[in-house]
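>>> Turn this into a structure:
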Amino acid sequence: MRSFRIALAALLGLWLFVSLPPSSFAQTAAVALPAGAAPRPTEPEVDLGGLRQSLEKLPASADTSDDARALLAALADIGLQAQSFIAARTTHLNDLNARLGELGEAPAAGGTEDADITRQRATLVRERNGVDADIRLARLLLVDTQQRATDIRGQQRALFEARLTERAPSPLGRTFWNDLRLAWSADLARLQPLRTELAQAWALAGQPDNRAALLWALALAGLLITAGNLLAERALVVLAQRLLPGGRLRRSLLIVAIVTANLFIVALGLWGLLQQLESREILGPLSQKLLRTADESLLFMAFVASLGRALLANNRPSWRLPPIPDALALRLAPFPWLTALIGAVVWLPSQVNALVDASFAAILTTHAFTAVALVLLIVAMLLCLRQPRAPAAPAAASAEGGAPAPASPAVAERPLWIALLIGGVSLALVVILALVASGYVALASLAAGQLTWTGLVAAAFYVLFKAADDLFMALVSARSSLGQRLQASFGFAPATLDQAAVVLSALARVALFFYMVIALVAPLGTGPGEVFERAGKFGTGLTIGEFQIVPAALFTAIGVVVAGFIALRVFKRWLRESYLPTTALESGMQTSISTLLGYVGAVLVVALALSALGIGINRIAWIASALSVGIGFGLQAIVQNFISGLILLAERPVKVGDWVVLGTTEGDVKRINVRATEIQLGDRSTLIVPNSEFITKSVRNMTLANAEGRVLIRLPMPLNTDAHRVRELMLAACAEHPGVLQSPAPSLSLEGVENGMLIFQAIAYVSSPRVAGGVRSDLLFTMLDQFRKEGIAMASPTLVMDTRPAQPQPG
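Reported below is the predicted structural model:
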């Protein structure tokens, strides 16, 4: 189980990384506080009036995207302080309420109490009212801050859309390059402060006090990133072989572990190097921002390269997760590194432009370069994905006797959806190039970046989908070791465990799909903070009509159902195998009690699950009243059989093991279900009878009060038969049979004369009505043999002959 916990931690780390785009590490601190975020623990006393004034001084609109980001950062800080104030005052309010509770309620009119207690209560009430008023004002300020942030984000999206649809001179024309040439000197001047800071940082790093430490930090970071990654990957492979079971789980979780380990090692090495630079105060403000941007770029490169290498698995082809042929995997081997490099190359210039406030011509050039570079990368990848053509078949041998050459192996046909996907990507690339040529370079850059980002997110979540599916199949399915333990401990059927594994895998995939959509739309002009804030709002509840579906409550209800039914199964098993056998109750009563308590427990579990889901008793009653209409029309028979089943289990006119006769049907009661009762007939078949038949019709229970059966034999004999001798022979046959009970003793009576024959009737009792038929047959064979030996004739049927002449037929 420790290996599974390690795998789960690695899975969570990969999900956290792919859920955030590369720029999110720098932007997360500049977005509004998500709903439900914890306040900072060490906050000074907040001035609520000063926060309100700060909010009112902020402008209501933003002219540029940079202004919008600055406003969002200021609003986020105000929101943090407001939430810190609310948390601190809420704690104080709870303390005041507790102290008031200790003092007790004020005395009724005419009552008296100690003046000191009255004075303390009045002071506490005034203080509590003041604190409550402050909390209300702070919440109102928080709502205003969030509303202002929502408006700023709307303006930011409008600016982003306007910038996308803005047409610039085409890179194919002379105007585009003339604008770049005219802005070149100004852009170099804007870059001069950054160049100066970098030169000063280089000079400071070369000083004797800093040189050795920085060289050691750089060497350690490089050694950790290169050799550390290789050693970590080999160690993870060995651990996967030893700890994880063989199969798909080992492959998918190994990819997750490798990507997470590579990211952690690269982040650790870069963090150590950055700490050395910052602790020695070598970097200036611009160079420090640039270095942090490069740090994020290197992390992105590490993620892309490690994910691609782990998916292709050229060193371990048998461990490869996607169904990629070996030859194609070898051709795709350079592309993870190439994608990481190009992604960093096209991302860093845009960050530098924002850092030095570059000219519009430089920004357009960066967009055009980004779009063209990413298009060329995707085109090269599509060309690599093309299947090689089969070699031409050799000419047929001549008729002089040459043997025909063997046919070349046929190339596997590519699935249709892959061909459609490649065609769609190719069309998108043509559209992007057309946008660049027509001057919409910002839109083309966004489309190319989004196309590349979509491929990366799809690859990452492909691994997560596979890992989630493999994890639940390895943990819960009937073939797993844990599943076999569940079968042995709780008596779960293998099909039930397989169904549970499929359902849990589906739920995990739905949750992953939700975050995949978040990761996909993050670069589309929406900051990651806003996207995750919307995700947090979705997590607080989705209102549909009068019902509110909260994801946390939904998972809680699922957990209540699973835990409740497991506990119910354990209780029923203990009741059936441990407690009830120690009582004096018969087996049929024990089965009835176990079944009835199972129904009651199932109803309680469902009620608790509905309560966890947020559906109260009043809503359940409303649902029941709505269902009563359907019950009255279409479900009447089902409800009638259900109530009849409860009556059978409670009153027990018929219980498991009884021999019943219902119309022309008789047999053993094997099981009483909610809707119907199973009766096993004499030919070993099972008859399913609705429970209402036992309540509304006459039922003969052969074993209700007495489990004994009766054998009745009626024999007609001639009038001249010696009745006393016949009586002796029949009673002797009954007494000699081992299945006939001695008490009550067999009896024989002469019922009378019918149609000129004496009617003898013998009655004997057996231990169960189930053996009555066999005993009756044995007695008849014995009696007939005795009559034949004694020469006693049996009655013969009387033949009536018509001797009248036939009447002539008319005409």
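>>> Mind listing what's buried along stretch 221-231?
Ala221, Leu224, Ile225, Gly228, Asn229 (16 or more other C-beta atoms under 10 Å). Any C-beta I mention is one placed from the backbone N, CA and C, and that applies to glycine too.
>>> Those in helices, which ones?
Ala221, Asn229 (DSSP state H).
>>> could I get the buried residues of stretch 221-231 as JSON lines with distance to His724 and pLDDT?
Below are the buried residues of stretch 221-231 laid out as JSON lines (distance: C-beta to C-beta, whole Å; pLDDT from 0 to 100):
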{"residue": "Ala221", "distance to His724": "120", "pLDDT": "83"}
{"residue": "Leu224", "distance to His724": "115", "pLDDT": "83"}
{"residue": "Ile225", "distance to His724": "116", "pLDDT": "83"}
{"residue": "Gly228", "distance to His724": "112", "pLDDT": "83"}
{"residue": "Asn229", "distance to His724": "110", "pLDDT": "81"}
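>>> Looking at the buried residues of stretch 221-231, spot the one nearest Met757.
Asn229 (106.9 Å; C-beta to C-beta).
>>> what separates that closest one from Pro285, distance-wise?
32 Å (C-beta to C-beta, to the nearest Å).
>>> now Thr582
Taking C-beta to C-beta as the measure, Thr582 and Pro285 are separated by 81 Å.
>>> Look at those two and report which has more neighbours.
Per other C-beta atoms under 10 Å, whichever of Thr582 and Pro285 has more neighbours is Pro285, with 11 against 7.
>>> Give me the nearest residue to the more buried one, chain neighbours excluded.
The spatial neighbour of Pro285 that comes closest, neighbours along the chain excluded (C-beta to C-beta, 6 or more residues apart in numbering), is Glu197 at 7.7 Å.
>>> now that neighbour, what's its secondary structure?
helix (DSSP: H, G, I helix; E, B strand; the rest coil).
>>> contacting residues for it?
By C-beta atoms under 8 Å, 6 or more residues apart in numbering, the contact set of Glu197 is Leu283, Gly284, Pro285, Leu286, Ser287.
>>> which of the residues you listed lies closest to Asp187?
Set against Asp187, the nearest of those by C-beta to C-beta is Leu286 (14.7 Å).
>>> Tell me the buried residues in the helix or strand where the closest one lies?
Here Leu286, judged by DSSP states H and E, is contained in helix 285-312. Using 16+ other C-beta under 10 Å as the test for burial, helix 285-312 gives 286-312.
>>> Please identify the buried residues of stretch 431-441?
Ile432, Leu433, Leu435, Val436, Gly439, Tyr440, Val441.
>>> roughly how far out does the helix holding Leu286 sit from the chain middle?
32 Å (C-alpha atoms, centre = their mean, to the nearest Å).
>>> Would you tell me what the next helix or strand after it is?
Downstream of helix 285-312 (by DSSP H and E), the next one is helix 326-331.
>>> looking only at pLDDT, what's the mean for that following helix?
The average pLDDT for helix 326-331 rounds to 86.
>>> how's this protein carved up into domains?
31-104+117-164, 174-387+417-521, 541-634, 639-705, 709-790 (automatic domain parsing).
>>> would you list every one of the strands in the stretch 151-300 of the chain?
Remark: no strands are assigned in the stretch 151-300 of the chain by DSSP state E, counting those that start in this stretch.
>>> which residues in it form helices?
Here the stretch 151-300 of the chain has its helices, by DSSP state H, counting those that start in this stretch, at 174-205, 208-223, 229-243, 248-279, 285-312.
>>> again with the stretch 551-700 of the chain
551-574, 587-612, 617-633, 636-651, 691-696.
>>> Among those helices, show the one with the smallest mean pLDDT.
helix 617-633 (a mean of 62).
>>> Buried residues, stretch 309-326. List them.
Arg309, Ala310, Leu311, Leu312, Ala313, Trp319, Arg320, Leu321, Ile324.
>>> Mind picking the lowest-pLDDT entry from those residues?
Among those, Trp319 has the weakest pLDDT, 81.
>>> got the contact list for it?
Counting by C-beta under 8 Å, 6+ apart, Trp319 has contacts Arg250, Arg251, Leu254, Ala313.
>>> which of those residues has the most neighbours?
Counting by other C-beta under 10 Å, Leu254 has the largest number of neighbours within these, with 25 neighbours.
>>> Got the confidence number for the residue nearest to that one when sequence neighbours are not counted?
Closest residue to Leu254 apart from its sequence neighbours, by C-beta to C-beta, 6+ apart: Ala240 at 4.7 Å. Per-residue pLDDT puts Ala240 at 82.
>>> The closest residue to Val771 other than its chain neighbours and Val711: what is the separation?
Once flanking residues are discounted, Val771 sits nearest to Gly739: 6.0 Å by C-beta to C-beta, 6+ apart. Per C-beta to C-beta, Gly739 is found 9 Å from Val711.
>>> before we move on, back to that, hang on, the residue nearest to Leu254 packs against Leu253?
Yes - contact criterion C-beta atoms under 8 Å: Ala240 and Leu253 qualify, at 7.1 Å.
>>> the more surrounded of the two?
Ranked by neighbour count (other C-beta under 10 Å), Ala240 and Leu253 place Leu253 first, with 27 against 21.
>>> could you check the angle helix 248-279 makes with the helix holding Leu286?
160 degrees (axes from the mean of the first three to the mean of the last three C-alpha atoms, to 10 degrees).
>>> Would you mind measuring from Phe642 to Glu197?
Taken as C-beta to C-beta, the span from Phe642 to Glu197 is 81 Å.
>>> before we move on, back to that, can you give me the angle the helix holding Leu286 makes with helix 174-205?
100 degrees.
>>> what's helix 285-312 packed up against?
helix 24-27, helix 174-205, helix 248-279, helix 335-356, helix 441-476 (3 or more C-beta pairs under 8 Å, 6 or more residues apart in numbering; DSSP states H and E).
>>> Nearest to Ile688, out of those helices?
Of the helices and strands packed on helix 285-312, nearest to Ile688 by C-beta to C-beta is helix 441-476, at 32.7 Å.
>>> Would you mark the buried spots in the closest one?
441-453, 456-457, 459-476.
>>> Next: stretch 198-214.
Quick answer for stretch 198-214 (16+ other C-beta under 10 Å): Leu198, Ala201, Leu204, Ala205, Asn210, Leu214.
>>> Make a markdown table from those residues and add pLDDT to it.
Shown next, in a markdown table, are the buried residues of stretch 198-214 (pLDDT from 0 to 100):
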| residue | pLDDT |
| --- | --- |
| Leu198 | 82 |
| Ala201 | 80 |
| Leu204 | 81 |
| Ala205 | 79 |
| Asn210 | 79 |
| Leu214 | 81 |
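>>> Tell me the one of these nearest Lys670?
Distances from Lys670 to these, taken by C-beta to C-beta, are shortest for Leu214, at 84.1 Å.
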